[in-house]
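> below is the sequence, then the predicted model.
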Amino acid sequence: MSIRDTYKQYGWKFFPRLIKSGLRRFGIQHEVFYLLEWNVNVEELNRKMEGYDFSDIQELTIDDLQTSDSFSEQKKNLFQARLKSKEYSCYGIKHGDEIVYSTWISWNMMGYPSYFNKTDKLQQNEALLEDSFCHPTQRGKGLHSKMNLFRMQLISERGCSTVLALVLKENTPALNVQLKSGFRIVKEIRFFKVGNLRKIKEIVVNGNL
């Protein structure tokens with residue numbers, strides 16, 4: 001992501017991101033994430049979905065993702081592994097042959113960033129929203145909210161009762177979308193790393209910040 005796009009996404013919180021990026025060069029990493037939870041409420045979900053047109057959304061295949069210019073080879077390899085595992089679903093919007101929005105559902109694993117070196121299995125009644133991409137030309141059009149509700153509906157139809165999302169504290173736009181969709185913050189997860197020393201602290205939060 002370019003500096004300009006990063007600034008557009010994070011606003012003034014771009015500057016803490018810039019400082020953290022500099023610290024990573026010296027082997028110091030500190031990140032704070034919010035774990036959010038939504039308990040399936042079909043009536044509430046149906047009400048929020050009114051007024052959206054979901055007809056342009058499609059399930060994305062390995063071929064769709066591999067031929068897109070929006071992702072690095074590293075990302076494409078990750079996507080291929082996810083879909084081959086059958087434990088993830090990917091949905092998106094295409095303009096012609098190009099993906100302008102993509103987003104994922106994890107049905108089995110809690111998707112922490114790789115540097116956490118941490119893996120948790122989801123409960124049978126849980127699913128996780130993760131890894132959304134919006135092309136810069138499509139931002140500000142309400143696609144995040146639309147795709148959020150679309151995934152929540154799919155998870156509800158599959159019989160899950162709890163939907164989870166993990167959001168970087170400084171990613172205010174993503175956090176606001178989840179809160180607007182009905183999620184509540186249930187945990188703050190702090191990650192700290194200096195050299196080979198890693199520490200993860202989880203703090204239970206009850207409600208919205």
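Right, received. Where do you want to start?
> show me the shaky parts of this structure.
Residue ranges of the chain with pLDDT under 70: 1-24, 207-209.
> can you give me the strands for it?
28-39, 58-59, 88-95, 98-106, 109-110, 120-121, 126-134, 162-168, 184-194, 197-207 (DSSP state E).
> give the contact list for residue 193.
For residue 193, the contact set (CB atoms under 8 Å, 6 or more residues apart in numbering) comprises 27-30, 115, 199. Glycine gets a C-beta too; all of them are placed from N, C-alpha and C.
> which of the residues you listed are buried, as a PyMOL select command?
Buried subset of the contacts of residue 193, written as a PyMOL selection, criterion 16 or more other CB atoms under 10 Å:
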select buried, resi 29
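> which of the contacts of residue 193 sit farthest apart?
Between any two of the contacts of residue 193, the greatest separation by CB to CB is 14.1 Å, found for 27 and 199.
> which phi and psi does residue 124 have?
phi -60, psi -30 (degrees, to the nearest 10).
> can you report how many residues neighbour it?
Look at residue 124: counted by other CB atoms under 10 Å, it has 10 neighbours.
> how about residue 191?
Neighbours around residue 191, by other CB under 10 Å: 19.
> just list whatever residues bridge to it.
residue 31, residue 200 (DSSP bridges).
> my read: it touches residue 116, true?
Yes. The criterion here is CB atoms under 8 Å, and residue 191 meets it with residue 116 at 5.9 Å.
> between these two, which contacts overlap?
residue 200.
> how far away is residue 194 from residue 27?
Distance, residue 194 to residue 27, using CB to CB, to the nearest Å: 6 Å.
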